[in-house]
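Trainee: please work out how this folds:
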Amino acid sequence: MSPTQTEEPKLVEHLVHTPLGEIAVSESGAGPALVMLHGGGPGASAVANYHQNLPALTRHFRVILPDQPGFGGSYRPTEEDLDARSITEITVDALVRTLDALGIDTFHLLGNSLGGAAAIATALKVPDRVEKLVLMAPGGGWLPFGPTPTEGQKAMFRYYNGEGPTLKKMRDFIGVMTAEPRRWADTAQARYEASLDESHIAFYHRYNAAFAKRHGMDPLWQQVHRIKAPTLLLWGRDDRTITLDGAQLMLKQIRDVQLHVFGGCGHWVQLERQAEFERLVTDFLKENRP
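Mentor: Numbers count the residues shown, from 1 in each chain. Below is the predicted model of the structure:
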């Protein structure tokens, strides 16, 4: 890999004011807009989830990294907010308003897990604005054969309960999220420290309570046949959070869809299979079809 490919891109940071609250956005690169939505684990944020992919992707795209409501530097939805609408509905509303404020009309959209659910819901809400869709083990669109909550979902629920967050719990969490946790042991401290923000902890309790009241995520799988954007599904074969068996319905229902499965990979494809992830995403988004 050349030095230019490993050079850390400079990030421009925005704090976008919306009627819902402030949304923190980082961006870098030039070209077609690529919006990347992060997952919903404790301490997650857009830059934390995708910083390692920026040197490769910003050579081709204007990469937009919003922190979803409740995470990173964005506002924290209240209990009343979460009673009125699901976190996915709130996120889509905030995302569309944020992109409008940034003057972004059409865009490619990529989402992982919780962010995958928001990506599906956005593609359904504003279909003419989403050019292509990349989904990495998306919540909501997935319909598993096995029992739920899954092992990974239980790990997320446990993290802030009991004695509260600890470094050991974060290491255990990474052990469930990834297929080879020893490779990512050095990420545990930073992720643990990011999870200690008091306002994020308070939000996370409200967020888990809202999931319990709503019996899980929005059943987006009922609507995936309405997705118009060409769609690339990326999945870790050994994902213990959003399991691969649940992808079958999306493969059957989405009109223009393809699936790539990574053996020896868990829930964090963008990290565990970084180079292949970057190549597949770039090739898919740059492909021109007749």
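
Trainee: where along the stretch 1-150 of the chain do the helices fall?
Mentor: 3-6, 46-50, 54-57, 79-84, 87-101, 114-125 (DSSP state H, counting those that start in this stretch).

Trainee: save the ones you listed as a markdown table, and put in distance to Gln223, mean neighbour count and mean pLDDT too.
Mentor: For glycine as for every other residue, the C-beta is placed from the backbone atoms N, C-alpha and C. Formatted as a markdown table, the helices of the stretch 1-150 of the chain follow (distance: least, CB to CB, whole Å; neighbours: other CB atoms under 10 Å; pLDDT from 0 to 100):
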| stretch | distance to Gln223 | mean neighbour count | mean pLDDT |
| --- | --- | --- | --- |
| helix 3-6 | 39 | 8 | 46 |
| helix 46-50 | 25 | 22 | 96 |
| helix 54-57 | 28 | 21 | 98 |
| helix 79-84 | 21 | 14 | 97 |
| helix 87-101 | 12 | 21 | 98 |
| helix 114-125 | 6 | 27 | 98 |
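
Trainee: where are the low-confidence patches of the protein?
Mentor: 1-7, 289-290 (pLDDT under 70).

Trainee: mind redoing it with 90?
Mentor: The model of the chain has pLDDT under 90 over residues 1-8, 43, 142-149, 156-157, 182, 184-187, 211, 215-216, 288-290.

Trainee: sorry, back to before: please convert the helices of the stretch 1-150 of the chain to a markdown table, extending it with distance to Glu198.
Mentor: A markdown table is the format used below for these (distance: least, CB to CB, whole Å):
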| stretch | distance to Glu198 |
| --- | --- |
| helix 3-6 | 36 |
| helix 46-50 | 18 |
| helix 54-57 | 29 |
| helix 79-84 | 16 |
| helix 87-101 | 19 |
| helix 114-125 | 21 |
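
Trainee: what's the closest of the ones you listed to Gln68?
Mentor: helix 87-101 (4.9 Å; CB to CB).

Trainee: how far is the closest one from where the chain is centred?
Mentor: The chain centroid and the centroid of helix 87-101 are separated by 14 Å, computed with CA atoms, centre = their mean, to the nearest Å.

Trainee: what angle separates that helix from helix 114-125?
Mentor: Counting by axes from the mean of the first three to the mean of the last three CA atoms, to 10 degrees, helix 87-101 lies at 70 degrees to helix 114-125.

Trainee: may I have helix 87-101 as PDB, with CA atoms only?
Mentor: Provided in PDB are the C-alpha atoms of helix 87-101 (Å, rounded to 0.1, in the frame of the first residue of the first chain):
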ATOM      1  CA  ILE A  87     -34.900   5.600  17.200                       C
ATOM      2  CA  THR A  88     -34.900   4.700  13.500                       C
ATOM      3  CA  GLU A  89     -37.700   7.100  12.700                       C
ATOM      4  CA  ILE A  90     -35.900   9.800  14.700                       C
ATOM      5  CA  THR A  91     -32.600   9.100  13.000                       C
ATOM      6  CA  VAL A  92     -34.100   9.300   9.500                       C
ATOM      7  CA  ASP A  93     -35.800  12.600  10.300                       C
ATOM      8  CA  ALA A  94     -32.500  14.000  11.700                       C
ATOM      9  CA  LEU A  95     -30.500  12.700   8.800                       C
ATOM     10  CA  VAL A  96     -32.600  14.100   6.000                       C
ATOM     11  CA  ARG A  97     -32.800  17.500   7.700                       C
ATOM     12  CA  THR A  98     -29.000  17.400   8.200                       C
ATOM     13  CA  LEU A  99     -28.300  16.600   4.600                       C
ATOM     14  CA  ASP A 100     -30.700  19.300   3.500                       C
ATOM     15  CA  ALA A 101     -28.800  21.800   5.600                       C
END
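
Trainee: packing partners of it?
Mentor: Packing partners of helix 87-101 (3 or more CB pairs under 8 Å, 6 or more residues apart in numbering; DSSP states H and E): strand 12-17, strand 22-28, strand 33-37, strand 62-66, helix 114-125.

Trainee: just the CA trace of the last one, in PDB.
Mentor: The C-alpha coordinates for helix 114-125 follow below in PDB (Å, rounded to 0.1, in the frame of the first residue of the first chain):
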ATOM      1  CA  LEU A 114     -28.500   0.200  13.900                       C
ATOM      2  CA  GLY A 115     -27.200   2.400  11.100                       C
ATOM      3  CA  GLY A 116     -28.200  -0.200   8.600                       C
ATOM      4  CA  ALA A 117     -31.800   0.100   9.800                       C
ATOM      5  CA  ALA A 118     -31.700   3.800   9.400                       C
ATOM      6  CA  ALA A 119     -30.200   3.400   5.900                       C
ATOM      7  CA  ILE A 120     -33.100   1.100   4.900                       C
ATOM      8  CA  ALA A 121     -35.700   3.400   6.300                       C
ATOM      9  CA  THR A 122     -34.000   6.400   4.600                       C
ATOM     10  CA  ALA A 123     -34.000   4.500   1.200                       C
ATOM     11  CA  LEU A 124     -37.700   3.900   1.700                       C
ATOM     12  CA  LYS A 125     -38.500   7.500   2.800                       C
END
